[in-house]
Every structure is written in structure tokens, then in C-alpha cells.
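*Asks:* Predicted model, plus sequence, below.
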Amino acid sequence: MRNIVAIARKELATYFASPIAYAVIAMFALIFGYFFVSLLNWFVQQSMQAGQMGMGGSVNVNQQLVRFLLQNAAVVILFVMPMITMRTYAEEKRSGTIELLLTSPVSDVEIIVGKFIGALGLYTAMLAVTVIHLAVLFAFGNPEWMPIAAGYLGLWLLGACFIAVGLLISSLTRNQIIAGAVTFGVFLLLWVIDWIGGAFGPSSERVIGYLSITGHLDDFSKGVIDTKHLVFYLSFITFGLFLTAKAVDSERWRG
């Protein structure tokens with residue numbers, strides 16, 4: 001456990017020692033803030049119209065503002081996450097430090113989990129910045145906190161899945177640009193895979209649709225935490241890290 005924590009701290013420190021962490025967090029916060037202001041203006045207009053028609057209680061801040069806000073945030077994450085994961089292994093290979101890491105007295109699992117936790121720490125910080133926007137809703141309104149917490153849990157698990165995939169792809173190349181481009185392509189495929197399933201009939205559509213990484217996010221954004229979605233995300237993360245372990249193990253043997 002000590003080795004995992006040490007590697008995670010090293011990874012996190014590396015992110016913040018370069019402009020990567022600050023650029024990613026600033027860009028995400030800026031785009032999230034734009035979506036928040038836009039949706040808040042739309043929500044206020046809808047509330048005023050509903051009030052004029054005598055339906056003031058029909059406008060729900062969680063379902064008609066927060067839900068769409070978190071879904072939009074998921075789209076931004078699709079573009080941002082490759083920037084976080086592309087350097088995890090590719091940079092180690094390019095600089096030659098991968099040999100030192102693989103010959104150090106730590107196991108492949110410790111290396112992978114440590115890098116995963118380090119990247120996840122940066123992603124968690126990225127999400128934490130957006131809480132400031134939602135604090136405005138609690139300051140001037142009365143939203144339900146549990147659906148918001150469920151939505152953030154879904155976003156956190158979605159990002160963890162992306163990190164697991166990004167680690168795998170970064171472990172297969174020494175070029176950060178290639179790692180980032182391929183990672184984005186795989187993310188996009190996982191995003192639209194349920195659209196592809198519609199071309200193969202109802203039974204295939206259900207099976208392929210289950211693999212859609214964003215299809216499982218919808219219930220979280222509604223405030224519903226279903227165990228089948230938790231199992232899917234945790235299984236996806238575990239499988240991604242397992243494949244990364246196999247890729248790193250092959251690198252050790254080649255070395």
C-alpha cells in the first residue's frame with residue numbers, strides 16, 4: 001500500500017509541476033461555468049413562464065437544470081480526459097524512466113494502481129472545482145442534494161473508466177500525441193456504441209447498448225443509483241486495469 005501511495009503522490013505532483021493540471025482544470029471549469037450560466041438563464045425563464053401560468057411548482061431544479069448540466073459536463077470530459085491519461089506511460093517510455101520504474105522493487109499492480117489513483121486525484125480535483133457553481137443554487141434556491149451527489153458519483157465513475165482505458169492505451173505507445181488521439185477515438189466509440197447497436201436488430205441492440213459507457217450515466221443524472229450501473233463501471237475499471245497490467249508485463253519481458 002505504501003508503494004501505491006508513493007507512486008500516486010508522484011503522479012499527482014508531476015501533473016501539478018507542469019501546466020497540464022492547471023490547464024485542464026481551468027478549461028473544464030470555464031466550459032462548465034458557461035453551461036451553468038446558460039442553463040441557469042434558461043431555467044429562470046422557464047420558471048417565470050410557469051409562474052405566470054400558475055404552474056410554479058412544476059419546474060424542478062434538479063431535473064431541469066442539474067441533470068442537463070451534468071450531462072453536458074460528461075461531454076466535456078470526453079475531450080478533456082485524453083489530456084490527463086496520454087502521458088502516464090508514454091512519457092515514461094519516451095524519457096527512458098520506464099526501465100527504472102520496471103526494475104524498481106514494486107510490482108506491476110502497484111505501479112498501475114498508483115498511476116490510476118494519481119490521475120483520478122487530478123480528475124477529482126477537476127470535479128471539485130465545479131462544486132462552487134452548484135453552491136450558488138443552494139445559496140439562492142433549495143435543490144435536493146442527494147440527486148446531485150448521485151450525478152457526481154456517476155461522473156466520477158465515468159471518468160475513472162476513461163482513466164482505465166487511457167492508461168491501457170498510453171502503455172502501448174511512447175508517443176503522447178498518438179496516445180491522446182487513440183484514447184479520444186476509443187472514448188468516442190464507447191460513447192456512440194449504442195447508436196451502432198440499432199443497426200443489428202433488437203437483441204443485438206440491447207447487448208451492444210449495455211456496453212455504452214454513457215448509457216449507464218443517465219440514471220445517475222436523474223438521482224438514481226442502480227447496482228447494475230455500479231457493477232458495470234467497477235467491472236469496466238477492473239478490466240481496463242487488468243489489460244494494462246498485461247501490457248506492462250509484456251513491456252517488462254521485452255525489456
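*Replies:* Structure's in. What do you need? Residues are numbered from 1 along each chain as shown.
*Asks:* Strands along this structure, start to end?
*Replies:* For the chain, strands defined by DSSP state E do not occur.
*Asks:* Mind checking which residue lies nearest the centre of it?
*Replies:* Gly159 (1.5 Å; C-alpha atoms, centre = their mean).
*Asks:* Find the nearest non-adjacent residue to that residue, please.
*Replies:* Tyr123 (4.6 Å; C-beta to C-beta, 6 or more residues apart in numbering). (C-beta placed from N, C-alpha, C; glycine too.)
*Asks:* so Ile77 makes contact with Leu158?
*Replies:* Yes. Using C-beta atoms under 8 Å, Ile77 is in contact with Leu158, at 6.6 Å.
*Asks:* Looking at those two, which one has more neighbours?
*Replies:* The neighbour comparison of Ile77 against Leu158 (other C-beta atoms under 10 Å) goes to Leu158, with 24 against 21.
*Asks:* That one contacts Ser212, correct?
*Replies:* No. The criterion here is C-beta under 8 Å, and Leu158 misses it with Ser212 at 11.2 Å.
*Asks:* Report the rounded mean pLDDT for stretch 24-37.
*Replies:* Stretch 24-37 carries an average pLDDT of 91.
*Asks:* How about residues contacting that stretch?
*Replies:* 69, 72-73, 76-77, 80, 83-84, 122, 125-126, 129-130, 133 (C-beta atoms under 8 Å, 6 or more residues apart in numbering).
*Asks:* With distance to Ile163 and pLDDT as new columns, can those residues be given to me in a markdown table?
*Replies:* Below are the contacts of stretch 24-37 laid out as a markdown table (distance: C-beta to C-beta, whole Å; pLDDT from 0 to 100):
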| residue | distance to Ile163 | pLDDT |
| --- | --- | --- |
| Leu69 | 22 | 88 |
| Asn72 | 20 | 88 |
| Ala73 | 16 | 89 |
| Val76 | 15 | 89 |
| Ile77 | 10 | 89 |
| Val80 | 11 | 87 |
| Met83 | 12 | 85 |
| Ile84 | 7 | 86 |
| Leu122 | 9 | 92 |
| Ala125 | 13 | 92 |
| Met126 | 12 | 92 |
| Val129 | 18 | 92 |
| Thr130 | 18 | 90 |
| His133 | 23 | 87 |
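*Asks:* In terms of distance to Leu188, which of the residues you listed ranks first?
*Replies:* Using C-beta to C-beta, Ile77 comes nearest to Leu188 of the contacts of stretch 24-37, at 12.2 Å.
*Asks:* need the contacts of stretch 24-37 in a markdown table with distance to Pro105, can you?
*Replies:* Below are the contacts of stretch 24-37 laid out as a markdown table (distance: C-beta to C-beta, whole Å):
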| residue | distance to Pro105 |
| --- | --- |
| Leu69 | 46 |
| Asn72 | 45 |
| Ala73 | 40 |
| Val76 | 40 |
| Ile77 | 35 |
| Val80 | 34 |
| Met83 | 31 |
| Ile84 | 27 |
| Leu122 | 26 |
| Ala125 | 30 |
| Met126 | 32 |
| Val129 | 37 |
| Thr130 | 39 |
| His133 | 44 |
